[in-house]
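Participant: Fold the following for me, if possible:
(one chain, ligands or ions: 1)
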Amino acid sequence: MFSALRQPLARASAAKPLARAFSVYSPVKNAVAPVQNAKLEYLLTETRGRVALVTLHRPKALNALCNGLFVELNQVLKEYDNNSEIGAIVLTGSERAFAAGADIKEMKDRNFIENYTQDFLGHWVDIIKIRKPIIAAVNGFALGGGCELAMMCDIIYAGDKAVFGQPEIKLGTIPGAGGTQRLVKAVGKSKAMEMCLTGSVNLTAEEAERAGLVSKVLPADQVVDEAVKTAEKIANLSQPIVQMCKDAINQSFEIPLSAGLNFERRLFHSTFATHDQKEGMGAFAEKRKAKFTNN
Ligand SMILES: CCCCCCC[C@H](O)CC(=O)SCCNC(=O)CCNC(=O)[C@H](O)C(C)(C)COP(=O)([O-])OP(=O)([O-])OC[C@H]1O[C@@H](n2cnc3c(N)ncnc32)[C@H](O)[C@@H]1OP(=O)([O-])[O-]
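Facilitator: This next block holds a predicted model:
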């Protein structure tokens, strides 16, 4: 199914839902049922040069994250990951909300047995398997799962009115997709504890930048364009080397320093097996711009 979808995605140039074959998730049972020629209901997609721009589009619910949205998001991201015309991805929401968290109304009646046996949220986090860099362009609310989704991306740019928070505790639950883990690594234990334990201490965009959660704060109407510009820069570098670099940085979250340094050195060594390393260093020595061929 993915290869059949590749062409329509690669050609898409306007921000509108694409008609295609799709699978949808039953919110209750997590069962995948194939639906032919359904439309994207929760996303807008477009391509700008070598960058794919994916917009969460559930405006009436402030982009609350539901099962159907993740089925679409996973498929679209996988398509772009496999499309050699695309070098990087920008994920954004609306000016009012990147995402106001998991859909509370959809999940409120779930029970423990269902959650456990169906591994509720298991497939929601497939975004971390995407090999190409993903930049989150965040405006408005990034709460609960919205904050967690942004943290699963590789770089976060925030609009000046963005708000990051983990309010789950006020709903009688805890963050379920990285709020107690990635947030600690991004902002430190004390701030993460304060945010998660109170549910009401949020970070403004500037606070998030100071804490290291966000790499740049921009006027709200410039966030997406700036994210696309950065994504385009990355997309025009050597793609295998970009992927190795993303891999190496992500390893720093998983393994001890000595193992991470070893992993990094092995990847560094292996870049010398590529044509792009010869081209990149050769171009520097010859005082010309490198032309990478992804080999
Ligand atoms: C990457 C993988 C992610 C996995 C996630 C893991 C699990 C996660 O850790 C758990 C959560 O996220 S738990 C969630 C953590 N998040 C939270 O606790 C935040 C919950 N949201 C809020 O506190 C408020 O909506 C805001 C303060 C965001 C805005 O307030 P405002 O400006 O007065 O606007 P308004 O009038 O309130 O909302 C407009 C419409 O949107 C609707 N809607 C909004 N969020 C919704 C949601 N999450 N659900 C459903 N619907 C939601 C709202 O009902 C209303 O619809 P209506 O049909 O017109 O009634």
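
Participant: count of residues packed around the closest residue to residue 277 other than its chain neighbours?
Facilitator: The shortest distance from residue 277 to any non-neighbouring residue, by C-beta to C-beta, 6 or more residues apart in numbering, is to residue 271 (4.7 Å). All C-beta atoms are positioned from the backbone trio N, CA, C, and that covers glycine. Residues lying near residue 271 (other C-beta atoms under 10 Å) number 16.

Participant: Now that residue 271 has come up, it's in contact with residue 241, right?
Facilitator: Yes. Residue 271 is within contact range of residue 241, at 5.7 Å (criterion: C-beta atoms under 8 Å).

Participant: Overlap in contacts, those two.
Facilitator: residue 277 (C-beta atoms under 8 Å, 6 or more residues apart in numbering).

Participant: Could you list the residues of the stretch 1-150 of the chain in contact with the ligand?
Facilitator: Taking C-beta under 6 Å from any ligand atom as the contact definition, the stretch 1-150 of the chain meets the ligand at 61-62, 64-65, 100-105, 121, 124-125, 141, 143-145, 148-149.

Participant: Can you tell me which of those residues are buried?
Facilitator: Neighbour counting over these (16 or more other C-beta atoms under 10 Å) leaves 61-62, 64-65, 100-103, 121, 124-125, 141, 143-145, 148-149 as the buried ones.

Participant: where along this protein do the strands fall?
Facilitator: 22-25, 32-35, 43-48, 51-56, 88-92, 97-99, 134-138, 141-143, 155-159, 163-165, 203-204, 216-218 (DSSP state E).

Participant: could you redo the ones you listed as JSON lines and give each row mean pLDDT and distance to residue 72?
Facilitator: Formatted as JSON lines, these follow (pLDDT from 0 to 100; distance: least, C-beta to C-beta, whole Å):
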{"stretch": "strand 22-25", "mean pLDDT": "37", "distance to residue 72": "7"}
{"stretch": "strand 32-35", "mean pLDDT": "30", "distance to residue 72": "11"}
{"stretch": "strand 43-48", "mean pLDDT": "98", "distance to residue 72": "5"}
{"stretch": "strand 51-56", "mean pLDDT": "98", "distance to residue 72": "9"}
{"stretch": "strand 88-92", "mean pLDDT": "98", "distance to residue 72": "12"}
{"stretch": "strand 97-99", "mean pLDDT": "98", "distance to residue 72": "14"}
{"stretch": "strand 134-138", "mean pLDDT": "98", "distance to residue 72": "16"}
{"stretch": "strand 141-143", "mean pLDDT": "98", "distance to residue 72": "19"}
{"stretch": "strand 155-159", "mean pLDDT": "98", "distance to residue 72": "22"}
{"stretch": "strand 163-165", "mean pLDDT": "98", "distance to residue 72": "24"}
{"stretch": "strand 203-204", "mean pLDDT": "98", "distance to residue 72": "28"}
{"stretch": "strand 216-218", "mean pLDDT": "98", "distance to residue 72": "27"}
